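Q: Could you look at this predicted model? Sequence included:
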Amino acid sequence: MGEADAVADQGPMTEAMYYILLALLKPGHGYGMMQRIKELSGGRMVMGPGTLYGVLSRMSREGLIILTGEEGRRKTYAITDAGKAALLLEYSRLKQLVSDGGILEGEV
Amino acid sequence: MNRIYRFHPGEYELGANEKFYGDMEARGWRLVRRGRYLSRFVRCAPSEARYRVEVYMPEFLEEPGMGEAQLAVFEDCGWEYIGSRGFLHIFRAPEGSSAPEFYADPRQQAATLQKVRRDLLWGWLGFPVTFLLFFASFGVGVGKPFPQWNWAQARRLVEIPGYVGFLTLLLLFFLYRLVWDTWQVNRTYLRLKRGLPLEHAPKGRRLIPKIAGRGLACLMAVCVVTTAVQLLAVRTTALPLTPDGPYLLLSDLGLEGERSELWYGKRESCVTRSASLLADCWDVFEIVEDPAGQQFWMYQDVYRLRVPGLAGALARSLRETSVFAPSGADYAAVSIPGLDAAWVYGDLEAVAVKGDMAAHVECLGLDAQTALEALAERWPSE
């Protein structure tokens, strides 16, 4: 079983994990990630530093992201292949959810 | 005065700590350092500030404290890092700043408390060990198996009530902290787990821990002072030729001879006088050499109790913790006119009670029962 499958087996990703993986499609450090997440979500998602570091530690342990370098006090992370696979899997799941919810279009 | 110290809330009371530091800054005192029990503040202009505590416990063998990269993220977000104590890391931001809260979802913050909860469980597992050490401290020097340590405790209670009180209160303090901390951390954990945010300014819950914690601390301080005063007043002097207390001399048993010294340790005849809150105590040792060159010695622990009815309980304790008899059950009760109760262990040891007086006598080369009869004669005059 691959790491992405292992993540899929844990059920849906949290919103924080999803956005951090999205942000790390372009390698970045903690604060940069927070800014990028805010930008990607159109300001809807404001991630706190506590959440960010908790999720980074977990995803690093699970092999979804990797430390690529350090600039001064800042550590730079990037998404791994397993992380990309997990992200794509989650994206497909979310798309499926939206597609299934299409029947609501007439109701709204 | 530009610097003050204040007791802070316990480390498991996250919201109470945040509120405490915020309130202090509003009064013109800014936190600079958190210690084990006290926090240090320096004078500043009174201002509104948000304080937040982050729980971070590194895994086994990981470096202690937050990493520089982790701190950099907090600081980039607008949080000033004040410092840490144990697993608590304290940050500050001026009120109204754009520094975001640490967690948008309380459930993620709940995850940070899981390791803290596990560690508290170790505290509970360690409590029985502390409890045993507590009893072991009374058993030191008794040379008896565990069940008889209770009797050693009763004897020490009469001799040094402050010391026994201090240890008992210390044990109670550990228990109280464990119960309080467990309740606090679980309450916070369950609240966060339900998706409710941390209470950054909890109201009206500090009274109970303040009363319990400071009350116990004050009582412990009283115990330490009374023990110190008692120990400073203990006096050991050469044994006088005429007793200056309710104890016996070997001459009371009809033994005549010269005062001598024990062949090992060169110990000479002496009396140690102490007074506790519960009793006046005489610890007496006498050694005499008769004209034929034979040595006779006698040890006595004599108590005049201040609490009526305590002598009977102390007599049981004296029998259970005596030197030669393996246990209190090995003593035989004897009837001695003039004493309320008396017991002997062969010719070696005797325990006597009369009114508020109690004594334990050990003698070598003499009859313990004779010593009891001599005590019966001595005590009515006391």
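A: Done, it's in.
Q: Next one: the closest residue to B:Asp301 other than its chain neighbours relative to B:Arg378, how far apart?
A: Nearest residue to B:Asp301, sequence neighbours excluded (Cβ to Cβ, 6 or more residues apart in numbering or on different chains): B:His360, at 4.6 Å. Glycine gets a C-beta too; all of them are placed from N, C-alpha and C. Computed as Cβ to Cβ, to the nearest Å, the B:His360 to B:Arg378 distance reads 15 Å.
Q: Then B:Lys193?
A: 72 Å.
Q: Of all the residues in stretch B:248-268, which ones are buried?
A: For stretch B:248-268, burial by neighbour count (16 or more other Cβ atoms under 10 Å in any protein chain shown) applies to B:Leu248, B:Leu249, B:Leu250, B:Asp252, B:Leu253, B:Leu255, B:Gly257, B:Ser260.
Q: Let me fix that, I meant to ask about stretch B:15-35.
A: By 16+ other Cβ under 10 Å, the buried positions in stretch B:15-35 come out as B:15-22, B:24-25, B:29-31, B:34.
Q: same check, this time on stretch B:43-63
A: For stretch B:43-63, by 16+ other Cβ under 10 Å, it's B:Cys44, B:Ala49, B:Arg50, B:Tyr51, B:Arg52, B:Val53, B:Glu54, B:Val55, B:Tyr56, B:Met57.
Q: which residue does the stretch 151-300 of chain B bring closest to chain A?
A: Nearest to chain A in the stretch 151-300 of chain B, going by Cβ to the nearest Cβ, is B:Leu198, at a distance of 10.7 Å.
Q: What is the neighbour count of that residue?
A: 19 (other Cβ atoms under 10 Å in any protein chain shown).
Q: quick one: what helix or strand has the closest residue to it other than its chain neighbours in it?
A: Distances taken as Cβ to Cβ, 6+ apart put B:Gly15 closest to B:Leu198, at 5.5 Å, once the chain neighbours are dropped. For B:Gly15, the host element (DSSP states H and E) is helix B:14-26.
Q: So B:Lys193 and B:Arg378 - more neighbours on which side?
A: Using other Cβ under 10 Å, the more surrounded residue of B:Lys193 and B:Arg378 is B:Arg378, with 21 against 16.
Q: Mind giving me the packing neighbours of the helix or strand where that one lies?
A: Under the criterion of DSSP H and E, B:Arg378 resides in helix B:368-378. For helix B:368-378, the packing partners by 3 or more Cβ pairs under 8 Å, 6 or more residues apart in numbering or on different chains; DSSP states H and E come out as strand B:341-345, strand B:349-354, strand B:357-364.
Q: Make TSV out of the ones you listed and add mean neighbour count and mean pLDDT.
A: Below are the helices and strands packed on helix B:368-378 laid out as TSV (neighbours: other Cβ atoms under 10 Å in any protein chain shown; pLDDT from 0 to 100):
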stretch	mean neighbour count	mean pLDDT
strand B:341-345	22	94
strand B:349-354	26	94
strand B:357-364	23	92
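Q: Just send those strands back as CSV, with distance to B:Arg235 too.
A: What follows is the helices and strands packed on helix B:368-378, written out as CSV (distance: least, Cβ to Cβ, whole Å):
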stretch, distance to B:Arg235
strand B:341-345, 29
strand B:349-354, 24
strand B:357-364, 19
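Q: These: which one's closest to A:Ala16?
A: strand B:357-364 (71.5 Å; Cβ to Cβ).
Q: and residue 14, what pLDDT?
A: I went with chain A, as the question did not name one. A:Thr14 carries a pLDDT value of 89.
Q: wrong one, I was asking about chain B
A: 93.
Q: Next, find the distance separating it from B:Cys77.
A: 19 Å.
Q: neighbour-wise, which of these two wins?
A: B:Leu14 (27 against 23).
Q: partners of the spatially closest residue to that one that is not a sequence neighbour in the sheet?
A: The shortest distance from B:Leu14 to any non-neighbouring residue, by Cβ to Cβ, 6+ apart, is to B:Val53 (5.2 Å). Listed by DSSP bridges, the beta-bridge partners for B:Val53 are B:Ile90.
Q: What's the separation between B:Val53 and chain A?
A: 10 Å (Cβ to the nearest Cβ, to the nearest Å).
Q: residues touching that residue, list them.
A: B:Leu14, B:Asn17, B:Glu18, B:Leu88, B:His89, B:Ile90, B:Phe91 (Cβ atoms under 8 Å, 6 or more residues apart in numbering or on different chains).
Q: need the residues of chain A near chain B, please.
A: A:14-16, A:29-31, A:34, A:45-55, A:70, A:72-75 (Cβ under 8 Å from any Cβ of the partner chain).
Q: longest single helix anywhere in chain B?
A: helix B:161-193 (DSSP state H).
Q: what's the answer for chain A, then?
A: helix A:81-100.
Q: How far away from the center of its chain is stretch A:54-70?
A: From the chain centre to the centre of stretch A:54-70 is a distance of 11 Å (Cα atoms, centre = their mean, to the nearest Å).
Q: quick one: contacts of that stretch?
A: With Cβ under 8 Å, 6+ apart as the criterion, stretch A:54-70 contacts A:3, A:6-7, A:14, A:16-17, A:20-21, A:24, A:27, A:30, A:75-80, A:82-83, A:86, B:69, B:108, B:111-112.
Q: now stretch B:252-264
A: Contacts with stretch B:252-264, where a contact means Cβ under 8 Å, 6+ apart, come from B:239, B:250, B:267-269, B:286-291, B:295-298, B:363, B:366, B:370-371, B:374, B:377-378.
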